[in-house]
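*Asks:* here is my input, please return the structure:
(one chain, ligands or ions: 2)
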Amino acid sequence: MSELELRPEIVALPKVLLHDHLDGGVRPQTVLELAEETGYDGLPASDAAGLARWFRESSDSGSLVRYLETFAQTVAVLQTESALFRVASECAQDLAADGVVYAEVRYAPEQHLEAGLTLEQVVEAVNAGFRDGEARSGHRIRVRALLTAMRHAAKSSEIAELVVRYRDQEVGGFDIAGAEAGYPPTRHLDAFEYLRRENAHFTIHAGEAFGLPSIWEAIQWCGAERLGHGVRIVDDISASDELGLLAGFVRDRRIPLEMCPSSNIQTGAATDIASHPITRLKDLRFRVTLNTDNRLMSDTSMSKEMQLLVDEAGWTKDDLRWVTVNAMKSAFLPFDERLALIEDTIKPAYA
Ligand SMILES: O=c1[nH]cnc2c1ncn2[C@@H]1O[C@H](CO)[C@@H](O)[C@H]1O
Ligand SMILES: [Zn+2]
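*Replies:* Residues are numbered from 1 along each chain as shown. Ligands and ions are numbered 1, 2, ... in the order given. Below is the predicted model of the structure:
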């Protein structure tokens, strides 16, 4: 991705981010310092610029599986409470500086147990880091956590229970992530059924590397409230914009699509920003939201994703307001709190 000078008027707009991975958004310099502190010697570069380049280039393979391999480097240095606290705090500060007013940041607690932490210690360290970052940011931002279970693993029920246990401590919901092909979400039906019995929220990564069957299972078998990516829903829309039954269901039910344009280009789910399905889905009035996915791997931010759409796909400020309101409506947050953010923070700033 080329260097992009961000326009201050875009940075200043209030933004809502529903799909951002904590372990995909670490500052390169922090990765280096944490590796030094913890004695991890497996990093592929020894300076921040080189490391940033390595992450971006290694993620450019056109394959989700290869893209996901780069996370081994960030996960390796995120095995202590102090590392998790620091990275969560910096995440909240970086998002706030980018104009984000509300964020749901996800990570997989089960990936941070290698040095002996318990799941609870992981969640509490990250939560404390978010609170610290909110306070230090000097902006009004609220950051909540989504707890991810890895789709190839067998911890989803435990992670789902964690979501319910910490729901009053800014844990908004549950997600599953990881390689999509070969690991259908129905492997985790027990977790989804439990969450529904508990009136808890969840989203599922679906329709990114794999097509319609994955989206269909996520919605109709698992009961996903939102779709992570969901970009392949265009496979169910004809050249003359006729919607198939599944695409029609997704649009009619206003199922939010957590779309991540730059990430999709790196994993091969889309070719470029100009032709990314997000614009077509916006024009067809799907419940489209705009997201970063992994700021480190894609060298991106919410402002950058917005500016790319404006510059390369003809988006207007009205479109940016629309996806921002869509995202706020789709947040895993009580209705009155969503409404307050829309009326008091978002709408006045885009007027
Ligand atoms: O776009 C994606 N698709 C599927 N899985 C992902 C994506 N981005 C990150 N992760 C996976 O989610 C884990 C927890 O944050 C990451 O470690 C990575 O393996
Ligand atoms: Zn993701």
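
*Asks:* any idea of the mean pLDDT for the longest helix seen in the chain?
*Replies:* Ranked by number of residues, the top helix in the chain under DSSP state H is helix 119-137. The average pLDDT within helix 119-137 is 98.

*Asks:* quick check, the residue in the stretch 201-350 of the chain closest to ligand 1?
*Replies:* Across the stretch 201-350 of the chain, the shortest distance to ligand 1 (Cβ to the nearest ligand atom) belongs to H205, at 4.6 Å. C-beta coordinates here come from the backbone N, C-alpha and C atoms, glycine included.

*Asks:* OK, contacts around D235?
*Replies:* G211, L212 (Cβ atoms under 8 Å, 6 or more residues apart in numbering).

*Asks:* that's a strand at it, yeah?
*Replies:* No: using DSSP: H, G, I helix; E, B strand; the rest coil, the assignment for D235 is helix, not a strand.

*Asks:* tabulate the CA atom coordinates of stretch 129-138 in PDB.
*Replies:* Extracted in PDB, the C-alpha atoms of stretch 129-138 (Å, rounded to 0.1, in the frame of the first residue of the first chain):
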ATOM      1  CA  GLY A 129      -5.400  -1.400  29.300                       C
ATOM      2  CA  PHE A 130      -8.500  -0.100  27.500                       C
ATOM      3  CA  ARG A 131      -9.500   1.900  30.500                       C
ATOM      4  CA  ASP A 132      -6.000   3.400  30.800                       C
ATOM      5  CA  GLY A 133      -5.900   4.300  27.100                       C
ATOM      6  CA  GLU A 134      -9.300   5.900  27.200                       C
ATOM      7  CA  ALA A 135      -8.200   8.100  30.100                       C
ATOM      8  CA  ARG A 136      -4.900   9.000  28.600                       C
ATOM      9  CA  SER A 137      -6.200   9.700  25.100                       C
ATOM     10  CA  GLY A 138      -7.400  13.200  25.800                       C
END
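
*Asks:* residues near the one residue in the stretch 101-250 of the chain that gets nearest to ligand 1, how many?
*Replies:* For the stretch 101-250 of the chain and ligand 1, the shortest gap (Cβ to the nearest ligand atom) falls at A177, measuring 3.5 Å. Look at A177: counted by other Cβ atoms under 10 Å, it has 23 neighbours.

*Asks:* and if you look at P348?
*Replies:* P348: 9 neighbours (other Cβ under 10 Å).

*Asks:* over to the one 3 residues further on?
*Replies:* The burial count assigned to A351 is 6, neighbours taken as other Cβ under 10 Å.

*Asks:* right, I'll leave it there.
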